[in-house]
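**Student:** I'd like to go over a predicted model; first the sequence, then the structure.
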Amino acid sequence: MQSQWKLRDIVVTAVLATACGAIYLAWDLLYKFMPSSISPVAAAGFNGLWWIAGGIVPYIIRRPGAALLAESIGGFVEFALGSPYGIQAFTIGIAQGLTIELAFAAGGYRRYSLPWMLFATAMGAVGNFVYSYFYYGVNDYTATVQVGYFVVSMISGAILAGLLSKWVGDAVKRTGVLRNFEISRTSADTR
C-alpha cells in the first residue's frame, strides 16, 4: 500500500464522493417520508447508507485519509444540494468519516477483507451516535433505546456501507477499469 496520493486518486475520490453526496440527498428525502411513529431503533436501520463514501472510496483508493475525505466531500455535496439537515449534513459526515478512518488506520490501511470492511464501516456508527447524541436528540432516548439505536446503526453501516461497498468495488474491479488503482494491485487481506 502506497501512502502518497496521486492525482487520479484525488479525482476518483471527488467523483465517487460527489455521487455519494447526491445519493445522501435522495436518502434524506426518502427518510423524511418515514412515519414519525417509527421507533428510533428501527429508523437507525437507514443510517449506514449515509456513510457509504467512507467505505467505497477507501476500498478502491487504499490511501490514508480516504474515508475522512470522501465522507467530508459527500456530506458537503449533500448540504450544497439542499439537504433538509442543512450544514449538519456536512458536519455529521466528518464525524462518521473520522471514525471509519480510525478503523482503517487500526488495520494499517492494509486490511480490506469482507470482515474488515464490515468492521470499519460499522465504526461509522460511533461518529453518528456521538454527533446525534448532541445534535439530533439521541440524548433524550432511554438507555435501552440508545443502545438499540447504536447497535442497529452499526449493523446498518456494516451492510449498507461495508457490504455494498465491497460488492460494488469488486464488481467494478472485474471490469478492468480500476487496474491503475490499489484495489487491483493488492489483494484483500483475509484476516
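**Tutor:** The structure has been received and is ready for your questions.
**Student:** right, and Val77 touches Leu16 too?
**Tutor:** No: assessed by C-beta atoms under 8 Å, Val77 is found out of contact with Leu16, at 10.9 Å. For every residue, glycine as well, the C-beta is placed using N, CA and C.
**Student:** more crowded one of those two?
**Tutor:** Val77 (24 against 21; other C-beta atoms under 10 Å).
**Student:** buried stuff in the helix or strand harbouring that one?
**Tutor:** Here Val77, judged by DSSP states H and E, is contained in helix 66-80. Buried residues in helix 66-80, defined by neighbour count with 16 or more other C-beta atoms under 10 Å: 66-79.
**Student:** quick one: contacts for Leu178?
**Tutor:** 60, 169, 172, 184 (C-beta atoms under 8 Å, 6 or more residues apart in numbering).
**Student:** mind checking which helix or strand of the protein has the lowest mean pLDDT?
**Tutor:** Least confident helix or strand, the chain: helix 182-185 with a mean of 88, by mean pLDDT, DSSP states H and E.
**Student:** so how far is it from its chain's centroid?
**Tutor:** Relative to the centre of its chain, helix 182-185 is centred 20 Å away, using C-alpha atoms, centre = their mean, to the nearest Å.
**Student:** keeping just the C-alphas, turn it into PDB.
**Tutor:** Provided in PDB are the C-alpha atoms of helix 182-185 (Å, rounded to 0.1, in the frame of the first residue of the first chain):
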ATOM      1  CA  GLU A 182      -4.500   0.000  -5.300                       C
ATOM      2  CA  ILE A 183      -7.600  -2.300  -5.300                       C
ATOM      3  CA  SER A 184      -6.200  -4.000  -8.400                       C
ATOM      4  CA  ARG A 185      -2.600  -4.100  -7.200                       C
END
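**Student:** which stretches of the protein aren't confidently modelled?
**Tutor:** 1-2, 187-191 (pLDDT under 70).
**Student:** in it, spot the helix with the most residues.
**Tutor:** Using DSSP state H, we find that the single longest helix of the chain is helix 7-32.
**Student:** may I have the helix or strand that it is followed by as CSV, with CA atoms only?
**Tutor:** Next in sequence after helix 7-32, counting helices and strands by DSSP H and E, comes helix 40-43. Extracted in CSV, the C-alpha atoms of helix 40-43 (Å, rounded to 0.1, in the frame of the first residue of the first chain):
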residue,chain,number,x,y,z
PRO,A,40,-35.7,5.4,16.6
VAL,A,41,-34.2,1.9,16.7
ALA,A,42,-35.9,0.9,13.5
ALA,A,43,-35.1,4.3,11.9
